[in-house]
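1. Model the structure of this input:
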Amino acid sequence: IGVLGVRHLPRGVALPGGVRPDEFDDFHELIAHEEMGTLGTPAFTNGLGGGMVIGLPPVLAFGRPELAQRVAEDVLSGRRQI
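-> From the prediction side, this is the model:
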């Protein structure tokens, strides 16, 4: 999800390990990347997260607030891909 994306999680979405969204930081991001790296399949992991890593940050950083919130909720909840 990333540090940027955690701020846009819909209410009630739980993070693994009981981490609250306001506690999520770079350390948790590092753990997530390390765990994804253990899969040993870069093409598969890029396919899983490529849109969120490449496409979502510009929407969150430069999009209108209402657009960013709507897109983030759909993408981070898994209802849509970007």
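2. What's the first helix or strand after whichever strand or helix holds Asn46?
-> Here Asn46, judged by DSSP states H and E, is contained in helix 42-50. As assigned by DSSP H and E, the chain's next helix or strand after helix 42-50 is helix 56-62.
3. Give the other helices and strands that that following helix contacts.
-> With contacts taken as 3 or more Cβ pairs under 8 Å, 6 or more residues apart in numbering; DSSP states H and E, helix 56-62 sits against helix 2-6, helix 65-76. Heads up, the C-betas are built off the backbone N, CA and C, glycines and all.
4. ok, 6 Å please
-> helix 65-76 (3 or more Cβ pairs under 6 Å, 6 or more residues apart in numbering; DSSP states H and E).
5. Run the chain-centre distance for the helix it packs on.
-> Relative to its parent chain, helix 65-76 has a centroid offset of 12 Å by Cα atoms, centre = their mean, to the nearest Å.
6. repeat for stretch 71-82
-> 9 Å.
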